[in-house]
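J.: Sequence and computational prediction follow.
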Amino acid sequence: MVRFQNVGMRYANGPEVLRDISFELAPGSFHFLTGRTGAGKTSMLKLMSLSHRPSRGLVTMFDQDVSRAARADLVALRRRIGVVFQDFRLLDHLSAVDNVALPLRIAGAPANQIGAHVRELLSWVGLEDRMDARPPTLSGGEQQRVAIARAVIARPKLLLADEPTGNIDTTMGHRLMRLFVELNKIGTTVVIATHDESLIARFPNPLLVISQGELRTVPAGVPAFAEAAPADGDAGNG
């Protein structure tokens with residue numbers, strides 16, 4: 001599903017924020033991406049979501065070399081990826097329903113199926129009374145749940161989530177995690193970036209741990225935070 005080989009990444013002419021990253025994600029796997037603030041988690045997600053290209057090395061996704069792929073090819077690949085960004089990236093002029101429906105409409109799903117499917121999912125994430133509200137009228141936690149619903153609605157092949165439970169209460173956070181688990185059970189590869197140790201303990205999965213721009217893999221259930229240290233040069237891209 002995902003393969004990085006000796007990948008490096010820098011912003012403009014700055015220092016490398018990721019160095020010699022090599023790993024593979026099997027189809028249908030579930031990993032947490034973790035590390036201290038500023039270690040490079042967000043930069044890793046940018047590479048996997050195809051919003052940035054590596055400065056060096058090889059990135060292969062869906063059996064295609066994306067390091068040198070044409071822009072048109074990247075657009076098609078991005079449609080197979082669901083992403084939950086920390087800044088949500090909702091469209092303010094659209095209702096919650098219409099924001100969540102966008103991936104289905106882009107994919108050409110029948111109009112008579114979209115409405116019911118979207119409303120069912122929004123009800124499941126506790127927004128049954130806010131479906132017609134626009135993002136500026138929603139709280140941060142409500143916006144986050146809309147963003148999560150939009151990311152999973154089309155059952156992507158790869159789901160990337162950046163701190164998806166950070167702005168919501170523990171009960172709803174665990175409910176959303178169960179949504180990710182169920183999506184994983186039907187074949188979606190899931191990567192969740194988090195520094196929440198309690199979340200990792202409650203849902204044991206293998207870890208991708210970033211420290212000082214370098215990555216190591218940790219089997220499920222093995223503590224990882226003790227060795228994770230702040231990175232140099234990646235502040236603000238945690």
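T.: Structure's in. What do you need? Numbering: from 1, shown residues only.
J.: what sits against the most centrally placed residue in the chain?
T.: Nearest to the mean C-alpha position of the chain, by CA atoms, centre = their mean, lies Leu160 at 1.9 Å. In this structure, Leu160 makes contact with Leu45, Met48, Ser49, Ile81, Gly82, Val83, Val84, Val191, Ala193, judged by CB atoms under 8 Å, 6 or more residues apart in numbering. Heads up, the C-betas are built off the backbone N, CA and C, glycines and all.
J.: mind checking how far it is from Gly126?
T.: Using CB to CB, to the nearest Å, Leu160 is found at 23 Å from Gly126.
J.: With Val100 instead?
T.: Val100 is 14 Å from Gly126, where distance means CB to CB.
J.: And these two? Which one has more around it.
T.: The neighbour count for Val100 versus Gly126, taken as other CB atoms under 10 Å, is higher for Val100 (30 against 16).
J.: give the contact list for the more buried one.
T.: Val118, Leu121, Leu122, Val146, Ala149, Arg150, Ile153.
J.: and the nearest residue to the second one once chain neighbours are set aside, backbone torsions?
T.: The spatial neighbour of Leu121 that comes closest, neighbours along the chain excluded (CB to CB, 6 or more residues apart in numbering), is Ala149 at 5.0 Å. Dihedral angles phi and psi of Ala149 (degrees, to the nearest 10) take the values phi -60, psi -40.
J.: Ala154 against Ala101, yeah?
T.: No - counting by CB atoms under 8 Å, Ala154 does not reach Ala101; the two are 9.9 Å apart.
J.: Name the residue in these two with the higher neighbour count.
T.: The neighbour comparison of Ala154 against Ala101 (other CB under 10 Å) goes to Ala101, with 23 against 20.
J.: list the buried ones in the one helix or strand the more buried one maps to?
T.: Secondary-structure element containing Ala101, defined by DSSP states H and E: helix 96-106. For helix 96-106, burial by neighbour count (16 or more other CB atoms under 10 Å) applies to Ala96, Val97, Asp98, Asn99, Val100, Ala101, Leu102, Pro103, Leu104.
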